[in-house]
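Engineer: Turn this into a structure:
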Amino acid sequence: MSQPTRMPAAFIGHGSPMNTLEANRYTASWRRLGQAVPKPRAVLMVSAHWYIGVTAVTTMRKPRTIHDFYGFPQTLAEFQYPAPGAPEVAGEVIEVVKPLWCGPDHDSWGLDHGAWSVLAHVFPDADVPVLQLSVNATKEPAYHFELATRLAPLRDRGVLILASGNVVHSLREVSFRMRGEGFGWAHRFDEAAREALVTAPEEVLRLHEHPDYRRAVPTPDHFLPLVTLAGLAAAAGTPAGVLVDGYDLGSMSMTSYGLDVACPGPDDDTDAAALPDPDVCPTAQTNS
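Structural biologist: Now for the predicted structure:
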């Protein structure tokens, strides 16, 4: 039998759930990513929105579409991404990360919007099996980096690893007057993260020393998926490349990175979609 092709990996700055329904330069880059990679055996998603006190992986054959947000249009609340699960790959995840522990999740989770808002563009036909790996809220970045290095062999088994979060993600400082723009501190931190990812991925573990870290990363949930890609890059001995970059609402970075994939360039000048107007989605109800 022929050996599976080593699959790429990526970190996607997913931004608003509305990107599921939008056509903009970010979602266009996600679609080009899906077109650029070989069809995977399965997708292992590491989403910022499954942030719990344990490391777990979904094992269900038909993962449900979780609408883990509120205040958005009904069309989004009704969106479904009916991809099959991959319980056999979940078993491989549990084995490959040993001696680190990863528990099977048979029915408590599914696919959250950090996963399906991206996958709706990467694999719009929902014809690739998908499983999710939780982000362990009790562990430091070094743990997530090590976990990723242990996940790396799955890439040689046809598994596409996609991490989904945002390098800069501070909902408390969202400004609807800054559509398509970022505050100076957001630019500085995002640029420092880029320098690490594209030159020496292990340096991501030192980003907590950056003077803008606490402002850019008020909570680690959206940042830790970036550490996952850094660990995969370190295991491969290959720096990541930028898939698309940009900012929105002042305090959100939309930068995405690819590993071992030709970074597709933009094919249009479409402006990035912002979150809905405050009248549709008040800041206090924004859950990105």
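Engineer: Residue 246: neighbour count?
Structural biologist: 21 (other CB atoms under 10 Å). Backbone N, C-alpha and C define where each C-beta goes, glycine included.
Engineer: Excluding chain neighbours, what is closest to it?
Structural biologist: residue 254 (4.6 Å; CB to CB, 6 or more residues apart in numbering).
Engineer: List phi and psi for that neighbour.
Structural biologist: Note on residue 254: its backbone torsions stand at phi -100, psi 10 [degrees, to the nearest 10].
Engineer: quick one: average confidence on stretch 38-57?
Structural biologist: On average, the pLDDT along stretch 38-57 is 97.
Engineer: Actually, stretch 200-215.
Structural biologist: 97.
Engineer: Any idea how far apart the tips of it sit?
Structural biologist: 23 Å (CA to CA, to the nearest Å).
Engineer: Show residues contacting that stretch.
Structural biologist: 141-142, 145, 170, 173, 185-186, 188-189, 192-193, 195-197, 216-217, 226-227, 229-231, 233-234, 239-240 (CB atoms under 8 Å, 6 or more residues apart in numbering).
Engineer: which residues of the stretch 1-150 of the chain fall in strands?
Structural biologist: Assigned by DSSP state E, counting those that start in this stretch, the stretch 1-150 of the chain shows strands spanning 9-13, 42-52, 56-58, 103-105, 130-136.
Engineer: Could you single out the most deeply buried of those?
Structural biologist: Of all the strands of the stretch 1-150 of the chain, strand 9-13 carries the top mean neighbour count, a mean of 30, counting by mean count of other CB atoms under 10 Å.
Engineer: Give me the helices and strands touching that one, please.
Structural biologist: helix 25-36, strand 159-165, helix 224-236, strand 241-244, strand 256-259 (3 or more CB pairs under 8 Å, 6 or more residues apart in numbering; DSSP states H and E).
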